[in-house]
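S.K.: Give me the fold of what follows.
(chains A and B)
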Amino acid sequence: MRDFKYYLDKMGEVGFVESVTESNAIVSGLPSIKPTEVVLFEGGEVGVSLFLNRDSTEVLRLGKGRITPGQRVARTGEELTVPIGKAFLGSVVDCLGRLISPPGAIKADSRRRILDMSSPGIESRISVRRPLETGVALVDMLVPLGKGQRELVIGDRKTGKTSFLLQTVLRQARQGTICLYGAVGRKQTEIKEIKDFFSKNQVMDKIILVASSAHDATGLIYLTPYTACAMAEYFRDLGLDTLVVLDDLTTHAKFYREICLLARRFPGRDSYPVDIFFAHAGILEKGGNFRTDAPGGASSEASITILPVAQTAAQDLSGYIQTNLMSMTDGHIYFDSDLFAKGRRPAINPFLSVTRVGRQAQTPLKREINREMMAFLTNYEKLQSFVHFGAELTEEAKEILLRGERIIDFFEQSEASSWDSNIVVYVLSLIWKGTWQEKTSQEAKKEFHQLVAKYQTDRKFKKKVNRIVDKSESFKELIKKIKS
Amino acid sequence: MNLKTKEEQQDVLLAIDILIDNRYKTKNLERKINPRAYQLIKVEAAGRSISAGFLKDLKKQIADLPALSLTLAFTPGPETLDKISLWLKENIGQDILIDLVVDESILGGAQVAYQGHYKDYSLAQKLKKIN
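M.R.: Numbering: from 1, shown residues only, chains lettered A, B, ... in the order given. Model (predicted):
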């Protein structure tokens, strides 16, 4: 960026700061300013025009430097852009693409990308038809996701949402997907932990961490999801599949509320700005499965899968932002604090979770297992409530309870592990067949984990499992093959 | 009111505030008020009594007058200011004020900003272009 005088001479327009708040500055003058245009304050601070009034402009500050009333402001004539390029893979950047970690400079492409470009229309979109593995057995089997899906991750704080997201990113990065992790207004220690997790698992070369900490200027925090999406769009245009995690959008909404209230915009429900739905829908609209014509691209379709996060308070799913996000995503994964308290990991409640387009991306076999399991687990849950009454149980009921217990046991998964869907299908079939009926829960769990570990280390066994699962057309056939 | 510069406007506004705050006091009032500003108010009153209502109306009238920001390399004398002011009133509008900034680094000429438009006619800018 050039200096203040350069832009003043180039644009021939000047503005004066009338008043300043923590996040905004009201600027008079600048008669031809456009929305989302970058402005430069005389002291070197950068801002972006957010709202245009009749006689003044509301400028969003992108720094925490000193701005005083009466200071001059120059237009730049440029929209807010971010640097893009493969060189950013493996780094932690802020929402303007400035490197946070590792220290040094990045050689970005000469092109820059406008931060909030309108999303492609319906003609370039195709339906979600490829599965997206999360490595979390419960999600992959019961609430499956597809590439290009927008799935809300919702739940109270400290229920394992971030762990699930880290597992998913880890799995996808290992499969070659480009992952953008948007950490919105998080603690700096949390950002470091996220980075360390990926570095430790040696997948940082597929990940860009777009982070803003709670100490950053409000404007930077507000723009974080936009930057993550803009960078994802760059990779999408190269024909690559991308996964965007927005952690989290309730915090984003709170910062946007702060900006708008300080700008004296009329407050809506819960004092959120009236266009909060529009703002969030605009971000999530960037997700989808797209037809790409990138020369030399890896495939003719490329997806942007978005996993936005919403935090609930005391399991209240009816909050304003939460319901907004539910209505603009293709389903949600609900982290239940009751299940978490009971010790279930991941604490996902499959009955309150929804996936609208994920099943269509599954193979017929997995879809069938999904149906069977959901129907069975519903029955199991119902039966469990009868057990509480101390009712005498039939043999059939006892068998359902035991099998249900084993399935639930199997879905218990540690935070750092990532399971292939084929071994999950294989073990579930064994459970269905009644392999561990006689064993205790602890013994069964131990053996499940041994089987999964064997699959990950023993190439011969892996091949065998893959062959059996891939060649089975139905659940019945699979069980028959396993029996034989 | 015949105001030329932003500085004069500020002086008159301050004088109005002092007059309103001290309307029941009679002693030492002259010492507190800028004589030039008081003179301008008296001229505007044109023989009428300087009542609180008159002062409030006057304040409202002059508070939002448009200003043209003019950066010069020297401090202009009253004659130069009169000339500039006259030119502005004839060519732009009757109620325009000059917001004068002195910046020797522009060497000569002027930088002008009005209603958000900015023009640099300074000598420094011309020399820069030559380079």
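
S.K.: switch to C-alpha atoms for all contacts and neighbour counts from now on
M.R.: Noted.

S.K.: Show me what stretch A:113-124 is in contact with.
M.R.: With contact meaning C-alpha atoms under 8 Å, 6 or more residues apart in numbering or on different chains, stretch A:113-124 is reached by A:79-84, A:226-227, A:230-231, A:234, A:282, A:285-286, A:290-292.

S.K.: er, stretch A:387-400 actually
M.R.: By C-alpha under 8 Å, 6+ apart, stretch A:387-400 touches A:Y380, A:L383.

S.K.: Centre of the chain to that stretch, how far?
M.R.: Put simply, stretch A:387-400 sits 41 Å off its chain's centre (C-alpha atoms, centre = their mean, to the nearest Å).

S.K.: among the helices and strands of chain B, which has the poorest mean pLDDT?
M.R.: One helix or strand of chain B scores below all others by mean pLDDT, DSSP states H and E: helix B:29-32, with a mean of 73.

S.K.: The stretch 301-450 of chain A: strands as residue ranges?
M.R.: A:301-312, A:331-335, A:354-355 (DSSP state E, counting those that start in this stretch).

S.K.: Out of those strands, flag the one nearest chain B.
M.R.: strand A:301-312 (41.1 Å; C-alpha to the nearest C-alpha).

S.K.: Residue of the stretch 251-400 of chain A closest to chain B, please.
M.R.: A:A263 (21.1 Å).

S.K.: Turn the strands of the stretch 301-450 of chain A into JSON lines, including mean neighbour count and mean pLDDT.
M.R.: Listed next are the strands of the stretch 301-450 of chain A as JSON lines, based on neighbours: other C-alpha atoms under 10 Å in any protein chain shown; pLDDT from 0 to 100:
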{"stretch": "strand A:301-312", "mean neighbour count": "26", "mean pLDDT": "96"}
{"stretch": "strand A:331-335", "mean neighbour count": "25", "mean pLDDT": "97"}
{"stretch": "strand A:354-355", "mean neighbour count": "22", "mean pLDDT": "96"}
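
S.K.: In TSV, list those strands along with distance to chain B.
M.R.: TSV is the format used below for the strands of the stretch 301-450 of chain A (distance: least, C-alpha to the nearest C-alpha, whole Å):
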stretch	distance to chain B
strand A:301-312	41
strand A:331-335	49
strand A:354-355	53
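
S.K.: Residue numbers of chain A in contact with chain B?
M.R.: A:L8, A:D9, A:G12, A:E13, A:V14, A:G15, A:S28, A:G29, A:L30, A:P31 (C-alpha under 8 Å from any C-alpha of the partner chain).

S.K.: Kindly recompute the last result at 7 Å.
M.R.: Applying C-alpha under 7 Å from any C-alpha of the partner chain, we find that chain A lies next to chain B at A:D9, A:G12, A:E13, A:V14, A:G15, A:G29, A:L30, A:P31.

S.K.: Could you export these as a markdown table, including neighbour count and pLDDT?
M.R.: A markdown table is the format used below for these (neighbours: other C-alpha under 10 Å; pLDDT from 0 to 100):
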| residue | neighbour count | pLDDT |
| --- | --- | --- |
| A:D9 | 16 | 89 |
| A:G12 | 18 | 91 |
| A:E13 | 24 | 92 |
| A:V14 | 25 | 93 |
| A:G15 | 30 | 93 |
| A:G29 | 24 | 90 |
| A:L30 | 25 | 93 |
| A:P31 | 17 | 91 |
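
S.K.: Looking at those residues, which are in helices?
M.R.: Judged by DSSP state H, the subset of the residues of chain A next to chain B located in helices is A:D9.

S.K.: From the residues of chain A next to chain B, pick the one nearest B:K129.
M.R.: Nearest to B:K129 out of these is A:D9 (C-alpha to C-alpha; 11.5 Å).

S.K.: wait, what's in contact with the closest one?
M.R.: Contacts for A:D9 (C-alpha atoms under 7 Å, 6 or more residues apart in numbering or on different chains) come out as B:D120.

S.K.: Tell me the spacing between it and B:G108.
M.R.: 17 Å (C-alpha to C-alpha, to the nearest Å).

S.K.: B:I16 now?
M.R.: Taking C-alpha to C-alpha, one finds B:I16 at 36 Å from B:G108.

S.K.: Likewise for B:F74?
M.R.: 8 Å.

S.K.: Just the pLDDT at A:I33, thanks.
M.R.: The model reports A:I33 with a pLDDT of 94.

S.K.: pretty sure it belongs to a helix, no?
M.R.: No: applying DSSP: H, G, I helix; E, B strand; the rest coil, one finds A:I33 to be coil, outside a helix.

S.K.: if you skip the residues just before and after it, what's nearest to it?
M.R.: Nearest residue to A:I33, sequence neighbours excluded (C-alpha to C-alpha, 6 or more residues apart in numbering or on different chains): A:R75, at 6.9 Å.

S.K.: just checking, that neighbour touches A:V39?
M.R.: Yes: A:R75 lies in contact with A:V39 (C-alpha atoms under 7 Å); the separation is 4.6 Å.

S.K.: got the buried residues for stretch A:96-104?
M.R.: A:L96, A:G97, A:L99, A:I100 (16 or more other C-alpha atoms under 10 Å in any protein chain shown).

S.K.: Might you enumerate the residues of chain B proximal to chain A?
M.R.: B:A113, B:Q115, B:G116, B:H117, B:Y118, B:K119, B:D120.

S.K.: With pLDDT and secondary structure as new columns, can those residues be given to me in CSV?
M.R.: Converted to CSV, the residues of chain B next to chain A look like this (pLDDT from 0 to 100; DSSP: H, G, I helix; E, B strand; the rest coil):
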residue, pLDDT, secondary structure
B:A113, 92, strand
B:Q115, 89, coil
B:G116, 90, coil
B:H117, 92, strand
B:Y118, 93, strand
B:K119, 92, strand
B:D120, 92, strand
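
S.K.: quick revisit: in terms of neighbours, single out the busier of B:F74 and B:G108.
M.R.: B:G108 (18 against 15; other C-alpha atoms under 10 Å in any protein chain shown).
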